[in-house]
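**Student:** predicted model follows, preceded by the sequence.
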Amino acid sequence: RHRSAVFRPSSRESCLHSSAALLDFHRQFYELPRLRSYRWLIQGMISFNALQGAMAMASCLLDDTSDPQSRDYETMLVAAVVRIENLQVSSPVCARAYPILRQLQKHVSECLNHGTGTGTVGNQTMGTWFDTDWLNSETFDWMTWDTILPNPTG
């Protein structure tokens, strides 16, 4: 599968806005007292949607690290990772997503802040991740997850 080196600017902008909206929705359910009675939703689908938004945002940020708005989006991404980390105890979605999302967020921050991103997450290049058919489990390098996710059995 061929991947374009650069997203179309309009597509990238739409993706960033949509991702930011998903992360803000997650933030509101996490923080706002008036939504306290609906907070149980954040343990499942809302966090799953935030994970999708964070992954899409990271992809766009890695595509163009020179965008002046990248810092604002990075701040949103970092805040989402902190929320997901805090929700690990009560949310199986967050417990499974946090280690991967944290590695990706660290990579994005390295690329944006220092220009020293290694181009890898775990032992695979980001290009490999982008080119993976995530809907076909036979295309995964399952051993890679051992370098990213902690092994609960020791």
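**Tutor:** Sure, I can see it.
**Student:** what about residue 13, how many neighbours?
**Tutor:** Residues lying near residue 13 (other C-beta atoms under 10 Å) number 14. (C-beta placed from N, C-alpha, C; glycine too.)
**Student:** quick one: buried residues of the strand or helix carrying it?
**Tutor:** Per DSSP states H and E, residue 13 falls inside helix 9-31. Residues of helix 9-31 classed as buried: 12, 15, 16, 19, 20, 22, 23, 26, 29, 30 (neighbour count, 16 or more other C-beta atoms under 10 Å).
**Student:** is it true that the second one touches residue 56?
**Tutor:** Read that as residue 15. Yes - assessed by C-beta atoms under 8 Å, residue 15 is found in contact with residue 56 at 5.5 Å.
**Student:** coming back round to it: contacts for the helix holding residue 13?
**Tutor:** Contacts with helix 9-31, where a contact means C-beta atoms under 8 Å, 6 or more residues apart in numbering, come from 7, 35, 38-39, 41-42, 46-47, 49-50, 52-54, 56-57, 59-60, 63-64, 69, 73, 76-77, 79-80, 83, 87.
**Student:** which strands or helices does the first helix or strand past it going along the chain pack on?
**Tutor:** The element immediately downstream of helix 9-31 (helix or strand, assigned by DSSP H and E) is helix 45-63. Counting contacts by 3 or more C-beta pairs under 8 Å, 6 or more residues apart in numbering; DSSP states H and E, helix 45-63 is packed against helix 9-31, helix 70-86, helix 92-113.
**Student:** poorly predicted segments of the chain, please.
**Tutor:** 1-7, 115-137, 139-154 (pLDDT under 70).
**Student:** residue 54 and residue 36: what is the separation?
**Tutor:** 24 Å (C-beta to C-beta, to the nearest Å).
**Student:** okay, these two: which has more neighbours?
**Tutor:** residue 54 (25 against 9).
**Student:** tell me the contacts of the nearest residue to the more buried one once chain neighbours are set aside?
**Tutor:** Leaving aside its sequence neighbours, residue 54 sits nearest to residue 80 (C-beta to C-beta, 6 or more residues apart in numbering; 5.1 Å). Going by C-beta under 8 Å, 6+ apart, residue 80 touches 23, 26, 27, 50, 53, 54, 101.
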